[in-house]
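Kindly generate the corresponding structure for this input.
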Amino acid sequence: MHGEELLQKYFGTESVSLAIVLEHSRAVARKALEVARRLAEKQPLDLQFIEEAALLHDIGICETNAAKLGCSGEAPYIVHGILGRQILESEGLPRHALLCERHIGVGLTVDDIVSQNLPLPHREMVPLTTEERIVCYADLFFSKKPDNLSREKSVAEVRQNLGVFGEHKIAIFDNWHQNFNK
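Numbering: from 1, shown residues only. The predicted structure follows:
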């Protein structure tokens, strides 16, 4: 069981949250595959993994308290990457699980977690592979706001959103943007 079937298993087949996460994740997968196909001409990439991981990157939201997304779990939204990792590890998808944990923004460092007092374990949660970075990059262009799911943000909007977390986050994005659009 992969991709959309796993989302249906955890969100329920008729839920508002499934519809939101599916539309968002499909948009992320399309953009990630577009980037990956361009890069695959120069380096080997696992396109199937990229597509599946993009579809599953937000599976942990099902266990969060995110009323605007139709979820009524106990955990705060920021924990959805870790919850997703647990879900995907239990489903026998360890590689997808790591991406799930590492996909928040351009990644979370221990310094980010401590300085922002985030309810997360004190460990590095940054994308390490090109495939992980591609999915994280694509995710930054799409929100989960129900009235804006399919609208792709501009580079300027992504940079502005990341700016709240510091210039170093914008620098990471700018590096990805340059490398992924050659």
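
By residue count, what's the longest helix in this structure?
helix 16-39 (DSSP state H).

Any buried residues in that helix, and which?
Using 16 or more other C-beta atoms under 10 Å as the test for burial, helix 16-39 gives 17-18, 20-22, 24-33, 35-36, 39. C-beta: built from backbone N, CA, C; applies to glycine.

Ok, stretch 156-174 next?
Neighbour-count burial for stretch 156-174 [16+ other C-beta under 10 Å]: 158-159, 161-162, 169-170, 172-173.

between the residues you listed, which is closest to residue 145?
Ranked by distance to residue 145 (C-beta to C-beta), those are led by residue 161 at 12.3 Å.

which residues of the protein fall in strands?
Applying DSSP state E to the chain gives strands spanning 65-66, 71-72.

Relative to the last one, what are the paired strands and their orientations?
What it means is strand 71-72. When sheet partners are counted by DSSP bridges, strand 71-72 sits next to strand 65-66 (antiparallel).

Quick one: mean pLDDT over the strand it pairs with.
Averaged across strand 65-66, pLDDT comes to 92.

Distance from it to the middle of the chain?
17 Å (C-alpha atoms, centre = their mean, to the nearest Å).

Low-confidence bits of the chain, can you list those?
Applying pLDDT under 70 to the chain picks out residues 1.
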